[in-house]
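>>> the following comprises the amino acid sequence and a computationally predicted model.
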Amino acid sequence: MTILRTPDERFEKLPDFPFRPHYVDINGLRIHYVDEGQGEVILCLHGEPSWSFLYRKMIRPLAVRHRVVAMDFVGFGRSDKYANMEDYSFQMHRDTLIGFIEALDLWGITAVVQDWGGLIGLTVATQMPERFARLVIMNTGLPTGDEPMPRAFHVWRKFSQRTGTRMEIGRIFRNSLAPGNSLSDEVIAGYEAPFPDDSSKAGAAVWPALVPVEPTDPGAVEMRAARRKLARWNKPALVMFSDSDPITGPAAPWFRRLIPTAREQPEITIKGAGHFLQEEKGEEIAEYILRFMGE
């Protein structure tokens, strides 16, 4: 396995991201995370093809009252990256997250998940529920291949397979925005920072192909089990999806029906945001989370 590490200078002068990097070794890989504030743990998990930079607008307000930990998955951000797509798997990402939680000895976790952060994070939360206190679920899913995926997902999956490691990270973020929204060149550079060349994009290129679309695909069994456990989940859960995400949007009412405690919370839709709702409405989302946690 060839392991790559993005040079530190790529992360200099990131806009609104003054947070000191922290690292921990998990299964032979260096994993990066942000660790700000003190108190109850809020664990923020990103998706494709983002990194902890996505949570920068939420980290500061949440860290005033809590300890905010934002991890970069393998292949993303300042974490190590495999150069070969075949080295990435659902199991590898799951084991990395479990190892991370155990290495930092995190307890009483409020998990904030989006995109692949939900596929992995919700699976892990149901496998080690004693460490989790709450769930905040945003623009994600638990696909098992038992139901058809939205057409927008198949379009995205085919696009990612066609472009492979040549994918343009900045273009993906700009195309994901809600109508009328925009991103500065400096912010786009922040999302592109982890990927100095095409060889570093293997993890980003392969993640759409790892989403289970058939019942026998890797990860489907684990996410099917997560669904069953979430149907009996008795800890607080908040579902917040945006109004302009054609890929995950249909899952919002499904999660509210599935999780008993989610039905006890107000129905919240983040208006004027696309797939990466933390980027467009991070401060607003942070306020909802603080309210949810009883602040």
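Perfect, thanks for sending it. Numbering: from 1, shown residues only.

>>> can you give me the end-to-end span of stretch 132-147?
28 Å (CA to CA, to the nearest Å).

>>> can you give the distance from that stretch to the centre of its chain?
Relative to its parent chain, stretch 132-147 has a centroid offset of 11 Å by CA atoms, centre = their mean, to the nearest Å.

>>> and it, which residues are buried?
132-145 (16 or more other CB atoms under 10 Å). In short, each C-beta sits where N, CA and C put it, glycine included.

>>> and the two most separated of those residues?
Ala133 and Gly145 (30.6 Å; CB to CB).

>>> show me the strands in the stretch 151-295 of the chain, by range?
In chain order, the stretch 151-295 of the chain shows strands spanning 237-242, 268-270, with DSSP state E, counting those that start in this stretch as the criterion.

>>> turn these into a markdown table, columns for mean neighbour count and distance to Gly294.
What follows is the strands of the stretch 151-295 of the chain, written out as a markdown table (neighbours: other CB atoms under 10 Å; distance: least, CB to CB, whole Å):
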| stretch | mean neighbour count | distance to Gly294 |
| --- | --- | --- |
| strand 237-242 | 25 | 12 |
| strand 268-270 | 17 | 16 |
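
>>> could you export the ones you listed as TSV, including distance to Lys229 and mean pLDDT?
Converted to TSV, the strands of the stretch 151-295 of the chain look like this (distance: least, CB to CB, whole Å; pLDDT from 0 to 100):
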stretch	distance to Lys229	mean pLDDT
strand 237-242	12	98
strand 268-270	23	98
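
>>> need those in a markdown table with distance to Val221, can you?
Output for the strands of the stretch 151-295 of the chain, formatted as a markdown table (distance: least, CB to CB, whole Å):
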| stretch | distance to Val221 |
| --- | --- |
| strand 237-242 | 22 |
| strand 268-270 | 31 |
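
>>> between those strands, which one is nearest to Ile289?
When those are compared (using CB to CB), the closest one is strand 237-242, at 7.5 Å.

>>> adjacent strands (with direction) for the closest one?
strand 132-138 (parallel), strand 268-270 (parallel) (DSSP bridges).

>>> JSON lines for those strands, including distance to Val113?
What follows is the strands paired with strand 237-242, written out as JSON lines (distance: least, CB to CB, whole Å):
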{"stretch": "strand 132-138", "distance to Val113": "6"}
{"stretch": "strand 268-270", "distance to Val113": "15"}
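
>>> so which of the ones you listed comes closest to Val74?
With CB to CB as the criterion, Val74 lies closest to strand 132-138 of the strands paired with strand 237-242, at 21.5 Å.

>>> quick check: mean pLDDT of that closest one?
The average pLDDT within strand 132-138 is 98.
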